[in-house]
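*Asks:* I would like the atomic coordinates for the input below:
(4 chains)
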2 protein chains.
Amino acid sequence: MHPNPSSCQQCAQRFNSVFCKAREEHVELINDKKVCNIYKKGQLLFNEGAYPFGVFCINDGKVKLSHQGDNGKEQIIRLLKSGDVLGYRALLSGDRYSASAIALEDTQVCFIPKDIFVNVLQHDAGMAFEMMKVLSDELHRSEIKLTHLAQKPIRERLAETLLFIKETYGIEADGITLAVKLSREEIANLVGTATESTIRLLSEFKKEGMIELDGKKIQILKPKQLLATANLQD
Amino acid sequence: MHPNPSSCQQCAQRFNSVFCKAREEHVELINDKKVCNIYKKGQLLFNEGAYPFGVFCINDGKVKLSHQGDNGKEQIIRLLKSGDVLGYRALLSGDRYSASAIALEDTQVCFIPKDIFVNVLQHDAGMAFEMMKVLSDELHRSEIKLTHLAQKPIRERLAETLLFIKETYGIEADGITLAVKLSREEIANLVGTATESTIRLLSEFKKEGMIELDGKKIQILKPKQLLATANLQD
DNA sequence: TTTGAAATATGACCTTTGTCATTTTTCAAT
DNA sequence: ATTGAAAAATGACAAAGGTCATATTTCAAA
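*Replies:* So this is what the prediction gives:
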């Protein structure tokens, strides 16, 4: 992986990102000012409490965004993938970061300085609309998750989370293995439960034949049954 | 309360709303096309699953926004007050409403048709930015609430909710009574717990001298102690 | 290959919270 | 004022899920 990937104009993620509707001249402007970097697995992109100086655009890799709960317990609030932008929430609110971003694997990231990003947003209605759509979609996801957290048992939420991981990061070539390695603790912090409960339920799912476990590898054997277990209405 | 209040240009909420940065000509445009209405307490502004045809701007009153959980249990996800706009999430995502809006008291609401609202957003960068700020702030609030729901006991969440209600709707002339009437069930659906648990804990809070209860009237006697009970870090 | 720390797994137990049943209160309609 | 239904309050109990202790396994560094 090279720290300086292709230009934004040629970027494979361009039409898969919030910049999909941005005008050519603005993409060029961003390309001129962007700074690319590789973050190793476990490395911090930014830390809760810091001031945002721009946004991060994931070119290739995976990142988790998490809050530090009061007792120090991590709550993972988003999973980011190639084409996703992060850091915009704090920037647009005029806040400090309320969450930390950590690479889940070696990840290539481009940094776009605040003034450039804001400037383009101000002069490109298409991109501004796309930004609003991203924000609205995130808000939607967050509110649904909030409701499920308040109302659904852990078993259902874990099943839902496994399907969410599958939807977000996809499946490996074998057609069944989740294309990301997460610890049991991370899965628990995504579900919003204790690590032991997650381990226990994963074992149950395995006993019931819905999944297969092999270290951090998780295989989805019966997606239909998992979906039924998640008990989703919408 | 008259169904047709002052013009948008003269509206008391104008600089207290997402339109605060909108240009004069755009406010005029909105004023020309808006349709105002009074919703009685308990009346539906819009229903989960319906298509949005515009946004609602609260001129005077209080509205709750809630999801219907799978088991039919309500989860209140936002409380709206004068100057707040609602219905934008679905509209900007291009979705149907994912939540229902219900008046908590007799409420004066102006409806702004979709094409006007979108048109102004497209031609008014100031307002578009303000819209992004509103979305970002909501996203922030939602993600914090999500973390607390996953990690904090009900006692702390109830204390936090009472303070949130106070912050949102304020206090009556006596300086201590919450300026909104919510049923125990509604408070429970805001906290994300069973009605009985909420009733029990409110009684505890009363016994401990933090609040006073008189029907639906709730008085905050010791805000400091309530804040300590909420155990907030941020 | 060994080895030791970290991650995973499992059991026992206890706390929190939800559910159900019942009583009491409130409040609006008559 | 009366009354009846809805809301609030309270108790008893059950279930879900968290915590703690203790194996067992994994996996990377030596």
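*Asks:* what about the lengthiest helix in chain A, near DNA strand C?
*Replies:* Longest among the helix segments of chain A by residue count, using DSSP state H, is helix A:125-151. No - Helix A:125-151 stays clear of DNA strand C (C-beta under 7 Å from any atom of the strand), getting no nearer than 7.7 Å. Where you see a C-beta, it was placed from the backbone N, CA and C, and this is true even at glycine.
*Asks:* near DNA strand D, which residues of chain A show up?
*Replies:* Residues of chain A lying near DNA strand D (C-beta under 7 Å from any atom of the strand): A:153-155, A:193-194, A:196-197, A:215-216.
*Asks:* write the PyMOL selection for whichever of those are buried.
*Replies:* In PyMOL, a selection of the buried entries from those looks like this (16 or more other C-beta atoms under 10 Å in any protein chain shown):
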select buried, chain A and resi 154+155+193
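*Asks:* got the buried residues for the very next helix or strand once past the longest helix of chain A?
*Replies:* Sequence-wise, the next helix or strand downstream of helix A:125-151 (DSSP states H and E) is helix A:154-169. For helix A:154-169, the neighbour count (16+ other C-beta under 10 Å) marks A:154-166, A:168-169 as buried.
*Asks:* same deal with stretch A:194-210?
*Replies:* In stretch A:194-210, the ones that count as buried by 16+ other C-beta under 10 Å are A:198, A:201-202, A:205, A:210.
*Asks:* which of the residues you listed fall in helices?
*Replies:* Using DSSP H, the buried residues of stretch A:194-210 in helices are A:198, A:201-202, A:205.
*Asks:* hmm, the longest helix of chain A touching chain B?
*Replies:* Yes - for helix A:125-151 and chain B, the contact criterion (C-beta under 8 Å from any C-beta of the partner chain) is met by A:125, A:128-129, A:131-133, A:135-140, A:142-151.
*Asks:* for that helix, packing partners?
*Replies:* helix A:88-93, helix A:114-123, helix A:154-169, strand B:63-68, strand B:74-80, helix B:88-93, helix B:114-123, helix B:125-151 (3 or more C-beta pairs under 8 Å, 6 or more residues apart in numbering or on different chains; DSSP states H and E).
*Asks:* export those to a markdown table and tack on mean pLDDT and distance to residue B:28?
*Replies:* Below are the helices and strands packed on helix A:125-151 laid out as a markdown table (pLDDT from 0 to 100; distance: least, C-beta to C-beta, whole Å):
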| stretch | mean pLDDT | distance to residue B:28 |
| --- | --- | --- |
| helix A:88-93 | 98 | 27 |
| helix A:114-123 | 97 | 22 |
| helix A:154-169 | 98 | 44 |
| strand B:63-68 | 96 | 26 |
| strand B:74-80 | 98 | 25 |
| helix B:88-93 | 98 | 21 |
| helix B:114-123 | 97 | 10 |
| helix B:125-151 | 98 | 13 |
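*Asks:* for these, which one sits closest to residue B:35?
*Replies:* helix B:114-123 (10.9 Å; C-beta to C-beta).
*Asks:* and the closest one with helix A:125-151, angle?
*Replies:* Interaxial angle, helix B:114-123 versus helix A:125-151 (axes from the mean of the first three to the mean of the last three C-alpha atoms, to 10 degrees): 120 degrees.
*Asks:* give the other helices and strands that helix B:114-123 contacts.
*Replies:* Using 3+ C-beta pairs under 8 Å, 6+ apart, helix B:114-123 sits against helix A:125-151, helix B:24-33, strand B:54-60, helix B:88-93, helix B:125-151.
*Asks:* list the buried ones in it?
*Replies:* Quick answer for helix B:114-123 (16+ other C-beta under 10 Å): B:116-118, B:120-121.
*Asks:* which single one of those is nearest to residue A:72?
*Replies:* residue B:121 (40.8 Å).
*Asks:* contact partners for that closest one?
*Replies:* A:125, A:128-129, A:132, B:127-128, B:131 (C-beta atoms under 8 Å, 6 or more residues apart in numbering or on different chains).
*Asks:* TSV for those residues, including distance to residue A:40 and neighbour count?
*Replies:* Converted to TSV, those look like this (distance: C-beta to C-beta, whole Å; neighbours: other C-beta atoms under 10 Å in any protein chain shown):
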residue	distance to residue A:40	neighbour count
A:125	38	17
A:128	34	23
A:129	35	18
A:132	33	23
B:127	42	22
B:128	37	23
B:131	37	28
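*Asks:* tell me the one of these nearest residue A:177?
*Replies:* residue A:132 (35.8 Å).
*Asks:* so which of the helices and strands packed on helix A:125-151 gets nearest residue A:18?
*Replies:* helix A:88-93 (8.0 Å).
*Asks:* residue A:218: neighbour count?
*Replies:* Number of residues near residue A:218 (other C-beta atoms under 10 Å in any protein chain shown) recorded here: 22.
*Asks:* what distance do you get for it to residue B:191?
*Replies:* For residue A:218, the distance to residue B:191 equals 33 Å [C-beta to C-beta, to the nearest Å].
*Asks:* that older thread, I'd like the helices and strands packed on helix B:114-123 laid out as TSV, including distance to residue A:108.
*Replies:* What follows is these, written out as TSV (distance: least, C-beta to C-beta, whole Å):
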stretch	distance to residue A:108
helix A:125-151	20
helix B:24-33	41
strand B:54-60	39
helix B:88-93	29
helix B:125-151	26
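*Asks:* re earlier: hmm, which of the residues of helix A:125-151 next to chain B are the buried ones?
*Replies:* Counted by 16+ other C-beta under 10 Å, those give A:125, A:128-129, A:131-133, A:135-136, A:138-140, A:142-151 as buried.
*Asks:* run the angle between the longest helix of chain A and helix A:24-33 for me.
*Replies:* 70 degrees.
*Asks:* spit out the contact partners of the nearest residue to residue A:87 once chain neighbours are set aside.
*Replies:* Nearest residue to residue A:87, sequence neighbours excluded (C-beta to C-beta, 6 or more residues apart in numbering or on different chains): residue A:55, at 4.4 Å. The contact partners of residue A:55, by C-beta under 8 Å, 6+ apart, come to A:85-88, A:91, A:111-112, A:114, A:117.
*Asks:* and the two most separated of those?
*Replies:* Every pair of the contacts of residue A:55 checked by C-beta to C-beta; the farthest is A:86 and A:114, at 13.7 Å.
*Asks:* spatially nearest residue to residue A:117, not counting backbone neighbours?
*Replies:* residue A:55 (5.3 Å).
*Asks:* how near is the one you found to DNA strand C?
*Replies:* 29 Å (C-beta to the nearest atom of the strand, to the nearest Å).
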